[in-house]
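Asks: my questions are about this predicted structure, shown below with the sequence.
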Amino acid sequence: MPLSKSPIWEDARSYYQEKGVSAWNSNAVPNYITTNPFIAQSYARVINSFFEVHRPKRGKDKNDDTFYILELGAGSGRFAYHFLQSYFSNSEFSAQDGRKTIYVMTDVSTTTIDFWRRQPQLASFVADGRLDFANFDVLKDDGVNLMESGKTLDVYTLEAPIAVIANYVIDSLPHDFFSIENGKLFERLISYSRAIPSEENSTQQSNSEIAYSDRPCSETYYKNSVWDGVLRQYVEDFKDLNFAIPTGGIRMLETLSKISRKPVFVLSSDFGITQDTGLRQLGPRRIAVNGAFSIHVNFNALKRYAEMKGMSVLQCYTEKSSLETMGFIMRPGRRNLEPLFREFSRQIQTQGPDEFFMMKKITEKAADHLTPQNILGLLRLSNYDSRIYELCERALERHLNELDPSRQEALIDAVLQVEKMHYRYEQQRDPTVRILKFLLRLGALKPAQEIAHRNISFLKKTEVGRQTYADIFGRKAI
Ligand SMILES: C[S@@+](CC[C@H](N)C(=O)[O-])C[C@H]1O[C@@H](n2cnc3c(N)ncnc32)[C@H](O)[C@@H]1O
């Protein structure tokens, strides 16, 4: 059957429903590149620029005093937490002046949403009225029902511009595969045999078998003038090609275009391809099986679709290695979008999340040779990412006895920021105990006590946590 019609998508959805936030433990489903504090800061800057461009003129739009930022398929919540930390605690985000901004984390997995609602670090943003949650299916739902405020965001209620984030979402939505051979279009059908999960293999995905076969098909495959328009463009532009049509991604854009009457800005990253040159080099398309299923995203097709629908598209003009990002502005209007394009170019295209990911890989290779100055630079550049801290710890340890007071102070400050930025969803890799030990070794007792106090219920859960707490408070065990 065509891939978009296969039960694979139902199974992928069940996977997230069953696993909840544990889907992201130990990277079973890759997520570092789309959720670290660096990408969150880059997105915060681009979205701030979008709201600046669309800031209501004085005296107008009096009823719309709230900006909404919607995150689709928000998964572990790690991106959201980093975004909230960057956006709401930083004076550089001027579009917020006098205007309320509410971030809405959404997903289809109710298990995941239940986790967010119990997560203490998110709770403080809810209490401040800056965070809300919603069960939102990008393929089906017309509106977003906010769980905390009880409001609905849809075309009838929302008169304000809205920003939408979709990271590693399109790759989890339905696709179809095609090829063009000697100018002729073929559809690539799949056959899928579902494995029954067993004791050893708790996921169906890892045991499932997928086979592919190609057969000729018509250029009016979808019986939809725009969708078929994209297929026709490919047949006109390429003699031989292997490509996917992200049908779920297109439907997602269709759903989102109905969410507000004002401009809708979608910022989306995935492993994928934007430019024709890269597309030409792809082999026959296949499904990747990580924890769940995932597809290399053809942003090139989304761009063609969006342009046919009159959207403005923000794109990367040179090849990215691991993460492609694209922006879509629906109903762009007559405002000057130049500042937004410039910000996208600075934050995503030139020194963006993909380049940051490369820097992390370089750090992995050089970890043992880092100096305290190197470590300070890396922590600041990464926006205080705890994984970067983890990589630097051994080198830091080696230099601990030779630090002069000013460098010691700078390092303590950076490590405190790392602790604040770290989002708790997996116990295994949590840096809190290690950070506390580092602070104790440098004699920074007061901040260590503050952190230990704030995280008392977390520290209580493990023997090493209880012992560290006792060391900090002079043997007063918990
Ligand atoms: C690969 S994960 C990405 C999670 C997160 N954005 C990240 O970057 O780590 C895909 C997410 O999309 C959600 N999802 C799957 N189908 C969806 C749909 N139709 N509507 C909304 N979310 C969906 C899943 O529950 C899951 O949380």
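Replies: Cool, got the structure. Residues are numbered from 1 along each chain as shown.
Asks: so R13 is in which element?
Replies: helix 8-19 (DSSP states H and E).
Asks: name the nearest residue to P353, sequence neighbours excluded.
Replies: Among residues not flanking P353 along the chain, I39 sits closest, at 4.0 Å (CB to CB, 6 or more residues apart in numbering). The C-beta positions use only the backbone N, C-alpha and C, and glycine is treated the same way.
Asks: who in the stretch 101-250 of the chain is up against the ligand?
Replies: 107-109, 112, 137-139, 167-169, 172-173 (CB under 6 Å from any ligand atom).
Asks: which of those residues count as buried?
Replies: Buried members of these, scored by 16 or more other CB atoms under 10 Å, are 107-109, 112, 138, 167-169, 172-173.
Asks: which residues in the stretch 251-400 of the chain form strands?
Replies: Counting by DSSP state E, counting those that start in this stretch, one finds strands in the stretch 251-400 of the chain at the ranges 264-270, 272-273, 288-289, 293-294, 297-298, 312-314, 324-330.
Asks: one step back: restricted to helices, list the residues of the stretch 101-250 of the chain next to the ligand.
Replies: In this view, those that belong to helices under DSSP state H are T112.
Asks: tabulate the residues of the stretch 101-250 of the chain next to the ligand (a markdown table), appending distance to C392 and pLDDT.
Replies: Below are those laid out as a markdown table (distance: CB to CB, whole Å; pLDDT from 0 to 100):
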| residue | distance to C392 | pLDDT |
| --- | --- | --- |
| D107 | 33 | 98 |
| V108 | 37 | 97 |
| S109 | 34 | 97 |
| T112 | 31 | 97 |
| D137 | 41 | 96 |
| V138 | 38 | 96 |
| L139 | 42 | 94 |
| N167 | 26 | 98 |
| Y168 | 26 | 97 |
| V169 | 31 | 97 |
| S172 | 33 | 94 |
| L173 | 37 | 97 |
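Asks: just name the closest of the residues of the stretch 101-250 of the chain next to the ligand to P339, please.
Replies: Nearest to P339, judged by CB to CB, of those is N167 at 23.2 Å.
Asks: what about the residue nearest to the closest one when sequence neighbours are not counted, how many neighbours?
Replies: In this structure, N167 finds its nearest non-sequential neighbour in T34, 3.9 Å apart by CB to CB, 6+ apart. Applying other CB atoms under 10 Å, we find 24 residues neighbouring T34.
Asks: check V46 too.
Replies: V46: 25 neighbours (other CB under 10 Å).
Asks: ok but it is inside a helix, no?
Replies: Yes: according to DSSP: H, G, I helix; E, B strand; the rest coil, V46 belongs to a helix.
Asks: for F93, give me its contacts.
Replies: 44-45, 48, 87 (CB atoms under 8 Å, 6 or more residues apart in numbering).
Asks: and the residue of the stretch 301-450 of the chain that's closest to the ligand?
Replies: Nearest residue of the stretch 301-450 of the chain to the ligand, counting by CB to the nearest ligand atom: L323, 10.1 Å away.
Asks: report the contact partners of the nearest residue to that residue once chain neighbours are set aside.
Replies: Of all residues beyond its chain neighbours, the one nearest L323 is D354 (4.5 Å), with distances taken as CB to CB, 6+ apart. Contact analysis of D354 by CB under 8 Å, 6+ apart lists 33, 320-325.
Asks: which is the next helix or strand following the strand ranked longest in the chain?
Replies: For the chain, the longest strand by residue count, based on DSSP state E, is strand 184-193. Sequence-wise, the next helix or strand downstream of strand 184-193 (DSSP H and E) is strand 209-216.
Asks: returning to that earlier point: adding distance to A301, write the residues of the stretch 101-250 of the chain next to the ligand out as TSV.
Replies: Below are these laid out as TSV (distance: CB to CB, whole Å):
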residue	distance to A301
D107	25
V108	23
S109	27
T112	28
D137	22
V138	17
L139	17
N167	19
Y168	18
V169	16
S172	17
L173	13
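Asks: picking that back up, now list the buried members of the contacts of D354.
Replies: When those are checked for burial by 16+ other CB under 10 Å, the buried set is 33, 320, 323-325.
Asks: can you tell me which of the residues you listed comes closest to T152?
Replies: T325 (29.3 Å).
Asks: report pLDDT for that closest one.
Replies: T325 carries a pLDDT value of 98.
Asks: that one reaches C316, doesn't it?
Replies: Yes: the criterion here is CB atoms under 8 Å, and T325 meets it with C316 at 6.3 Å.
Asks: thinking again about what came up before, ok, the contacts of F93 vs Q373, which is closest?
Replies: For the contacts of F93, the nearest to Q373 is R45 (26.1 Å; CB to CB).
Asks: check contacts around the closest one.
Replies: Taking CB under 8 Å, 6+ apart as the test, what R45 contacts is 92-93, 343, 346-347.
Asks: same thing but at 10 Å, please
Replies: Counting by CB atoms under 10 Å, 6 or more residues apart in numbering, R45 makes contact with 86-87, 90, 92-93, 343-344, 346-348.
Asks: just V155 next, same as before
Replies: 142-143, 257-261.
Asks: pipe those residues into TSV and attach pLDDT per row.
Replies: Shown next, in TSV, are the contacts of V155 (pLDDT from 0 to 100):
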residue	pLDDT
D142	90
G143	94
S257	94
K258	92
I259	93
S260	92
R261	90
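Asks: reformat these as a markdown table; add neighbour count.
Replies: Formatted as a markdown table, the contacts of V155 follow (neighbours: other CB atoms under 10 Å):
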| residue | neighbour count |
| --- | --- |
| D142 | 11 |
| G143 | 18 |
| S257 | 17 |
| K258 | 13 |
| I259 | 23 |
| S260 | 23 |
| R261 | 15 |
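Asks: just the strands from the stretch 101-250 of the chain, written as ranges.
Replies: Counting by DSSP E, counting those that start in this stretch, the strands of the stretch 101-250 of the chain are 131-135, 144-145, 152-153, 162-167, 176-181, 184-193, 209-216, 241-245.
Asks: most tightly surrounded among those?
Replies: Ranked by mean neighbour count, the strands of the stretch 101-250 of the chain are led by strand 162-167 with a mean of 25 (mean count of other CB atoms under 10 Å).
Asks: just the contacts of F93 now: which is nearest N401?
Replies: Looking across these and measuring by CB to CB, the closest to N401 is A44, at 38.1 Å.
Asks: thought Q347 was touching that closest one, still the case?
Replies: Yes: in terms of CB atoms under 10 Å, A44 counts as a neighbour of Q347; the distance is 9.0 Å.
Asks: re earlier: packing partners for the longest strand of the chain?
Replies: The helices and strands touching strand 184-193, judged by 3 or more CB pairs under 10 Å, 6 or more residues apart in numbering; DSSP states H and E, are helix 8-19, strand 176-181, strand 209-216, helix 225-237, strand 241-245.
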